[in-house]
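Asks: take this sequence and fold it.
(chains A and B)
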There are 2 protein chains.
Amino acid sequence: MQDIYPSRCAAEPEMLPRTDPVVHGTWTEAAPLTRAQTEGFERDGFLVLEDLFSADEIAALQTEAAKILADPDALEPETVIAEPGGKEVRSVFSVHTQNRLMARLAADERLAGVARFLLNDDIYLHQTRLNYKPGFLGKEFYWHSDFETWHVEDGMPRMRALSMSVLLAENTANNGPLMLIPGSHRNYLTCVGETPENHYRTSLRKQEYGVPDDQSLAEMAHRHGIVAPTGKPGTVIIFDCNTMHGSNGNITPFPRSNVFFVFNAVSNRLERPFGPETPRPEFIAARAETPALRPVSGLLTGELV
Amino acid sequence: MQDIYPSRCAAEPEMLPRTDPVVHGTWTEAAPLTRAQTEGFERDGFLVLEDLFSADEIAALQTEAAKILADPDALEPETVIAEPGGKEVRSVFSVHTQNRLMARLAADERLAGVARFLLNDDIYLHQTRLNYKPGFLGKEFYWHSDFETWHVEDGMPRMRALSMSVLLAENTANNGPLMLIPGSHRNYLTCVGETPENHYRTSLRKQEYGVPDDQSLAEMAHRHGIVAPTGKPGTVIIFDCNTMHGSNGNITPFPRSNVFFVFNAVSNRLERPFGPETPRPEFIAARAETPALRPVSGLLTGELV
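Replies: The predicted model follows:
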């Protein structure tokens, strides 16, 4: 199979055209997004949704996240990732298989319904995690396109996936919020350097391969600017799989925390990785043919009693 | 002499009252700040001044700063500080003794005149530097009160000093701008832990002593909030010697750069350090009895031709 998005195989980075749509569906009055929201996602590669959840639902999610972080020993050890050089939990992967409320949230109509519309297909969870950036010492997360990694290391064939970050703590301008380069999703920036085997063990702490080059990043940032959406808990940031993003460190006392879901179209299930021989493990990149997500409506808090 | 601001000598941090004024002068119609600006500085511990300099003056300062950074070998080696773990220049100390335009800027009526008013005394330069936070890799600068260090390590007796940061690049919310805790200057937070001899050699790269504790910082930040003034080149941020401040790292391609002057009242000249025996070197903390600054009026660019 020809690799239309080759990366980490040439000596120089290249800006390739994106050959896949951004919005795969066609907007109608029945769509779960307004026309302006749909066009905004197409143009910018991201979209912010506010007030999707009730105060009770948000409180329930925060309580549940705190419980998960308070007892990492109850989790599959390999799914718990610590800060570089520290012991504080940075991410818990596969959070939907380890917690009922998080699974319920991922399947919620308000999220999964939007993902189905934008990807115009049945969907499944490619990756999920609970992210926690502690105050005082939270480290940066360097710029990257998720698709570059998912393609090279996981074998995701096309750009037909997206991420949703549900904020569990307030994102301010100062606590290391997610930064995005609007419009960066419209091209595919290849990276230089091969991928070592079992790279994921270190890359989840600190990225060293699949890193975009300075010059291309500077060009993108000068052309498109950088935005860092702020928002209160419950805010949802949706971004395309190829949108360049990253985050600065956080010396403020205010931690940052979010639940992160990657929805992939079932027609875009993983194949053999385009880079290394060995695919990354299931908890980082789902290969098992799990059934498509069935969106669930109603309050998150409804079924927990 | 009794130490009214003891720090790094007790096992627990303490929040002591400030016994010195913030604005030492009395506002009149003739003051170089408006009444509202003066009251704002008194209340918040900082003040932002815009449009003090012409476009030509700002361009001249930027050109001069680029020249200084481009040729570090022309500088006194000990005044050049690199990024932690890197070679990129982070700061050039004593920039006013090594560059005529920077000396002229420090003495400018628009800066020195304001410092004389707020400190209500003749003034001299306690410390000057050119700061450069490169894009992509700029590291954080952790929270601190300058006065705590100047008092313990340099022997500055009282709170009668202030800093001015003249922006040479745009400060955005995303490129690791200076963050301040408004109102934090009204108390003195003591730090825990002794100061090793010659601490300055490492502290200029990475602070390990004179670091405020997490709990006090969290209390301050929750009570007062955190602000990060943004501004175009030429913007001046004035802050009191005891205002808690710091900055996050910077993964954006946009570097941050500023010239930084510390004005001290001549009545507040350095004595023996309150902490270690050996004072820090002259290029970091001026002890020599240099004459008071004589404010100069007119354009910066006037005398350079």
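Asks: mind listing what's buried along stretch A:63-70?
Replies: A:Glu64, A:Ala65, A:Ile68, A:Leu69 (16 or more other Cβ atoms under 10 Å in any protein chain shown). The way it works is simple: take the backbone N, C-alpha and C, and place the C-beta from them, glycine included.
Asks: also stretch A:35-53?
Replies: Applying 16+ other Cβ under 10 Å to stretch A:35-53 flags A:Gln37, A:Thr38, A:Gly40, A:Phe41, A:Glu42, A:Asp44, A:Gly45, A:Phe46, A:Leu47, A:Val48, A:Leu49, A:Phe53 as buried.
Asks: in which helix or strand does the third one reside?
Replies: Secondary structure from DSSP states H and E places A:Gly40 in helix A:35-44.
Asks: for stretch A:124-135, what is the distance to the chain centroid?
Replies: In this view, stretch A:124-135 has its centroid 8 Å away from the chain centroid, taken as Cα atoms, centre = their mean, to the nearest Å.
Asks: and if you look at stretch A:113-123?
Replies: On Cα atoms, centre = their mean, the centre of stretch A:113-123 falls 16 Å from that of its chain.
Asks: one more: stretch A:225-242?
Replies: 11 Å.
Asks: and what of stretch A:133-150?
Replies: For stretch A:133-150, the distance to the chain centre is 10 Å (Cα atoms, centre = their mean).
Asks: stretch A:18-31 now?
Replies: On Cα atoms, centre = their mean, the centre of stretch A:18-31 falls 19 Å from that of its chain.
Asks: okay, helices next: where are they in the stretch 51-200 of chain A?
Replies: A:55-70, A:100-107, A:114-119, A:146-154, A:200-203 (DSSP state H, counting those that start in this stretch).
Asks: okay, those helices, which one's buried deepest?
Replies: For the helices of the stretch 51-200 of chain A, the largest average neighbour count (mean count of other Cβ atoms under 10 Å in any protein chain shown) is found in helix A:146-154, namely a mean of 26.
Asks: mind giving me the packing neighbours of it?
Replies: Helices and strands touching helix A:146-154, by 3 or more Cβ pairs under 8 Å, 6 or more residues apart in numbering or on different chains; DSSP states H and E, are strand A:161-167, strand A:187-189.
Asks: at 10 Å instead, please
Replies: For helix A:146-154, the packing partners by 3 or more Cβ pairs under 10 Å, 6 or more residues apart in numbering or on different chains; DSSP states H and E come out as strand A:123-133, strand A:161-167, strand A:187-189, helix A:200-203, strand A:236-240, strand A:256-265.
Asks: how much space separates A:Met220 from A:Met15?
Replies: Counting by Cβ to Cβ, to the nearest Å, the gap from A:Met220 to A:Met15 is 9 Å.
Asks: go on, A:Leu180?
Replies: A:Leu180 is 18 Å from A:Met15, by Cβ to Cβ.
Asks: which of these two has more neighbours?
Replies: More neighbours surround A:Leu180 than the other of A:Leu180 and A:Met15, with 26 against 11 (other Cβ atoms under 10 Å in any protein chain shown).
Asks: hmm, that one is touching A:Asp146, no?
Replies: No: checked against Cβ atoms under 10 Å, the pair A:Leu180 and A:Asp146 is beyond contact range at 11.6 Å.
Asks: what touches both of the two?
Replies: Common neighbours of A:Leu180 and A:Asp146, using Cβ atoms under 10 Å, 6 or more residues apart in numbering or on different chains, are A:Phe239, A:Asp240, A:Thr243, A:Met244, A:His245.
Asks: most neighbours among those residues, which one?
Replies: Of the shared contacts of A:Leu180 and A:Asp146, A:Asp240 is surrounded by the most neighbours, 29 neighbours in total, counting by other Cβ under 10 Å.
Asks: where do the helices of the stretch 201-305 of chain A begin and end?
Replies: A:214-224.
Asks: how about the residues of it that lie near chain B?
Replies: Residues of the stretch 201-305 of chain A found near chain B, taking Cβ under 10 Å from any Cβ of the partner chain as the criterion, are A:214-222, A:225-228, A:230, A:246-254.
Asks: which among the residues you listed end up buried?
Replies: For those, buried by 16+ other Cβ under 10 Å: A:216-217, A:220-221, A:226-228, A:230, A:246-254.
Asks: any weak-confidence spans in the stretch 151-300 of chain A?
Replies: Within the stretch 151-300 of chain A, the stretches with pLDDT under 70 are A:196-208.
Asks: what helix or strand is A:Gln2 on?
Replies: Counting by DSSP H and E, A:Gln2 is part of no helix or strand.
Asks: and the end-to-end length of stretch A:227-240?
Replies: 15 Å (Cα to Cα, to the nearest Å).
Asks: hang on, I meant stretch A:112-123
Replies: Chord length of stretch A:112-123, first to last residue, is 8 Å (Cα to Cα).
Asks: just how off-centre is it within its chain?
Replies: Taking mean C-alpha positions (Cα atoms, centre = their mean), stretch A:112-123 and its chain are 15 Å apart.
Asks: what of stretch A:219-228?
Replies: On Cα atoms, centre = their mean, the centre of stretch A:219-228 falls 19 Å from the chain's centre.
Asks: how long is that stretch from one end to the other?
Replies: 18 Å.
Asks: surely A:Trp143 and A:Leu178 touch.
Replies: No: at 11.4 Å, A:Trp143 does not count as touching A:Leu178 under the criterion of Cβ under 10 Å.
Asks: neighbour-wise, which of the two wins?
Replies: Between A:Trp143 and A:Leu178, counting by other Cβ under 10 Å, A:Trp143 is the more crowded of the two (27 against 23).
Asks: excluding sequence neighbours, find me the nearest residue to the more buried one.
Replies: Spatial nearest neighbour of A:Trp143, chain neighbours left out: A:Gly246 (4.0 Å); criterion: Cβ to Cβ, 6 or more residues apart in numbering or on different chains.
Asks: again with A:Asp154
Replies: A:Ala285 (3.9 Å).
Asks: same check on A:Met159?
Replies: A:Asp20 (4.0 Å).
Asks: distance check, A:Ala66 against chain B.
Replies: 17 Å (Cβ to the nearest Cβ, to the nearest Å).
Asks: what residues are up against the residue in the stretch 1-150 of chain A that chain B sits nearest to?
Replies: As assessed by Cβ to the nearest Cβ, chain B sits closest to A:Glu140 within the stretch 1-150 of chain A, at 5.2 Å. Taking Cβ under 10 Å, 6+ apart, we find A:Glu140 in contact with A:84, A:133, A:176, A:206, A:246-250, B:137-140, B:176, B:248-251.
Asks: quick check: closest non-adjacent residue to it.
Replies: A:Gly249 (4.5 Å).
Asks: tell me how far that neighbour lies from A:Leu299.
Replies: Counting by Cβ to Cβ, the gap from A:Gly249 to A:Leu299 is 36 Å.
Asks: and for A:Ala265?
Replies: Distance from A:Ala265 to A:Leu299, by Cβ to Cβ: 28 Å.
Asks: what about those two, which has more around it?
Replies: In this view A:Ala265 and A:Leu299 are compared by other Cβ under 10 Å, and A:Ala265 has more residues nearby, 24 against 14.
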